[in-house]
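*Asks:* Kindly generate the corresponding structure for this input.
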Amino acid sequence: MEVNHDRIKLTAAELSYLWATYLADSMSICVFKHFLENIEDKDIKSVIIQAKKLSEKHVNFIREIYSIENIQIPHGFTEADVNLDAKRLFSDTFYLQYLHNMSKGGLATHSRVLQNTYRADIRSFFNACLKETIELDNRITSLLLEKGISVRPPVIPYPEKLEFVHKQSFILEGLGRRRVLTGTEVTNLYANIQTNHTGFCLAMAFSQVAKNETVRKYFLRGKEIARKHVKALGSYLEMASLPTPMSSVHEVSESTEAPFSDKLMMFHFSLMIYAGIGNYGISISESQRSDLVSDYIRINGEVLKFSEDGANIMIANQWLEQPPMSADRND
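*Replies:* Model (predicted):
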């Protein structure tokens, strides 16, 4: 991608998004490198190779921009954060499901980034990121369907006639619980349960291989939080006689050999936590029943506290890079 050497300074948004993208993609490169060391399925391997190339392309572009602008390049993640000789932690199937989860996060992030990006070369970069992620996600989805391992949201009846809501209890049902759900509520519940299943698997796998005892206990705590959230959100689908997504815990191996550094695993988990917080926020805004909103607010508060504790662990171990900051005019 050709870089526009425009002397217009990067805005706070552009600088911050590039910084965050660099950290996330440098981490992804390490993860994909380990996946490629032990993968057996040729189709899934091809998709991971594509994802790895995209991450490398992003990192190289950002390094070039930072060099031109004379900005300190983040440390991010390097070969020191991955052990390519370690045994595999996940199955090939989980690799594909993991990649699908990450591509959904990329779609949400890149589309949000573009809303606040103005410099031509940076807009071009994030436009390309979004387009490439759409293409990758389409390929992943096709492969999930082809292999019969796609997890699709439940089907609900088609509306047969035009109807209007006549009772306020549709939204404010007091102490009771409306047994039916809107299509959007079903979609968000299903997606959030899927995300928590992925988080549960990663937390369990990372707790098996973490070297730092505090980090290991943090992942074990995350595993239990994910389990609780699956149960809480799943109860709404069960009440509406709808199926809930199945766990992929059987796709995690029993290896205790660390393929990644504790620093990388903590950062990876923090990315998933931030994505989960955002997903819960969207779910709150799109829910039309007070009990569901209350549960989302409650569990989101739990995740926020968990996130804060994770940040403190990273700070204590000097693993948390400081993001671009505004000037302290009082200093």
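
*Asks:* ok, then the element right after the worst-scoring helix or strand of the chain on mean pLDDT?
*Replies:* The weakest-scoring helix or strand in the chain, judged by mean pLDDT, DSSP states H and E, is helix 92-114 (a mean of 92). Counting by DSSP states H and E, the element after helix 92-114 in chain order, helix or strand, is helix 120-146.

*Asks:* angle of the helix or strand encompassing residue 202 against helix 92-114?
*Replies:* Residue 202 is located in helix 183-209, with elements delineated by DSSP H and E. Interaxial angle of helix 183-209 relative to helix 92-114 (axes from the mean of the first three to the mean of the last three CA atoms, to 10 degrees): 120 degrees.

*Asks:* Rounded mean pLDDT for helix 183-209, please.
*Replies:* For helix 183-209, mean pLDDT rounds to 95.

*Asks:* For it, buried residues please.
*Replies:* By 16 or more other CB atoms under 10 Å, the buried positions in helix 183-209 come out as 185-209. C-beta coordinates here come from the backbone N, C-alpha and C atoms, glycine included.

*Asks:* ditto for stretch 323-331
*Replies:* So, applying 16+ other CB under 10 Å, buried residues of stretch 323-331: residue 324.

*Asks:* who's in contact with residue 317?
*Replies:* Contacts for residue 317 (CB atoms under 8 Å, 6 or more residues apart in numbering) come out as 212, 262-263.

*Asks:* Report pLDDT for it.
*Replies:* The model reports residue 317 with a pLDDT of 96.

*Asks:* Where does residue 313 sit, in terms of helix or strand?
*Replies:* Assigned by DSSP H and E, residue 313 belongs to helix 290-316.

*Asks:* Enumerate the positions of that helix that are buried.
*Replies:* Going by neighbour count (16+ other CB under 10 Å), the buried part of helix 290-316 is 290-293, 295-296, 299-300, 303, 306-307, 310, 313-314.

*Asks:* Excluding covalently adjacent residues, which one is nearest to residue 72?
*Replies:* residue 66 (7.4 Å; CB to CB, 6 or more residues apart in numbering).
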